[in-house]
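1. Based on what follows, work out the 3D shape:
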Amino acid sequence: MQNEVNTSPFLLSGERAFLDGPRSRFKELWFTFKVQYQFIRAFRKLHFIGPCVTVFGSARFKEDNQYYKLGVDVGKAVSEMGFTVMTGGGPGVMEAANKGAYLNNGYSIGCNIILPHEQKPNPYLHRWINIPYFFIRKFLLLKYSFAFVVLPGGIGTLDELFEAVTLIQTKMIQDFPVIIFGKEYHKELYHHIQVMAENESISKKDMDLMFLTDSVEEMKEHLKEHAVKRFKLTKRPMRTRWWFGEKKQMRSV
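-> All right, here's what the predicted structure looks like:
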């Protein structure tokens with residue numbers, strides 16, 4: 001059964017006004033309260049979902065697209081390993097990955113962004129949360145995951161890819177595996193990253209932070225070696241608090 005967190009109307013203003021520059025001190029303070037509320041609400045909602053693998057990809061691909069079909073296979077494979085599949089909760093590749101997990105009896109989570117054109121959570125989610133701010137959503141997609149799988153997408157997908165790689169590169173988060181699908185689709189992008197390494201604007205070792213593949217089986221092996229083994233992921237009970245109405249749950253890996 002799907003479980004939605006409703007968002008009150010006063011939270012739907014988004015972050016556009018915040019990015020327009022200085023406002024009154026009261027408005028700036030009120031905005032920080034709204035952001036704090038969103039973080040607490042998200043932490044409460046997502047506390048027991050992990051460990052996750054977050055799948056990034058285009059929202060525009062339809063069911064007959066090859067990358068949508070690949071997303072289904074990726075979601076299924078990740079769920080078979082015991083991970084929770086987390087996505088941005090929308091259509092396209094996000095829906096495909098959630099679908100692969102959902103139909104395979106895995107656990108499927110979405111962090112859906114509230115947009116003017118009303119992006120709706122896809123129908124293959126066991127649980128989702130609506131987020132009015134992009135920066136909070138990006139934080140949540142990173143916080144609960146032990147790996148990031150990047151399928152073909154657009155500017156938003158590349159933003160999410162490089163956000164994850166930058167945080168790993170700068171040691172702000174641990175050395176989680178970043179798996180990029182689509183050797184042909186991403187060949188120019190990967191070549192440019194190589195150019196950066198050759199010109200020493202990044203370290204040549206940074207090339208090792210990304211694993212480029214077209215194979216779901218190679219993805220699974222990479223996850224086993226660089227996520228499951230490295231972080232010693234095993235099934236164990238989560239510590240709950242009965243006075244919060246929490247029930248005993250197991251980590252999925």
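
2. Tell me the gap between the helix or strand hosting Ala42 and the middle of its chain.
-> In this assignment (DSSP states H and E), Ala42 forms part of helix 25-46. Taking CA atoms, centre = their mean, to the nearest Å, one finds helix 25-46 lying 20 Å from the centre of the chain it belongs to.

3. Residues contacting it, please?
-> 5, 10-11, 17-18, 22, 109, 111, 127, 129, 131-133, 136, 140, 144 (CB atoms under 8 Å, 6 or more residues apart in numbering). Just so you know, the C-beta spots here come from the backbone N, C-alpha and C atoms, and that holds for glycine as well.

4. Pull out the buried positions in the next helix or strand after it.
-> Later in the chain than helix 25-46, the nearest helix or strand by DSSP H and E is strand 52-56. For strand 52-56, burial by neighbour count (16 or more other CB atoms under 10 Å) applies to Cys52, Val53, Thr54, Val55, Phe56.

5. Next one: Arg60 from Phe146, what distance?
-> 28 Å (CB to CB, to the nearest Å).

6. So which of those two has more stuff around it?
-> Phe146 (21 against 14; other CB atoms under 10 Å).

7. okay, now the residue nearest to Gly92 when sequence neighbours are not counted: neighbour count?
-> In this structure, Gly92 finds its nearest non-sequential neighbour in Ala59, 4.0 Å apart by CB to CB, 6 or more residues apart in numbering. Other residues near Ala59 come to 20 when the count uses other CB under 10 Å.

8. Double-check that Ala59 belongs to a helix.
-> No: looking at Ala59 with DSSP: H, G, I helix; E, B strand; the rest coil, it is coil, so not inside a helix.

9. Verify the contact between it and Ala97 for me.
-> No: with contact defined as CB atoms under 8 Å, Ala59 does not reach Ala97; the gap is 11.8 Å.

10. now the strands for this structure?
-> Along the chain, counting by DSSP state E, strands occupy 52-56, 84-87, 108-113, 127-131, 145-150, 178-181, 210-213.

11. Make JSON lines from those strands and add distance to Thr32 and mean pLDDT to it.
-> What follows is the strands of the chain, written out as JSON lines (distance: least, CB to CB, whole Å; pLDDT from 0 to 100):
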{"stretch": "strand 52-56", "distance to Thr32": "26", "mean pLDDT": "97"}
{"stretch": "strand 84-87", "distance to Thr32": "26", "mean pLDDT": "97"}
{"stretch": "strand 108-113", "distance to Thr32": "20", "mean pLDDT": "95"}
{"stretch": "strand 127-131", "distance to Thr32": "16", "mean pLDDT": "94"}
{"stretch": "strand 145-150", "distance to Thr32": "26", "mean pLDDT": "97"}
{"stretch": "strand 178-181", "distance to Thr32": "31", "mean pLDDT": "98"}
{"stretch": "strand 210-213", "distance to Thr32": "35", "mean pLDDT": "98"}
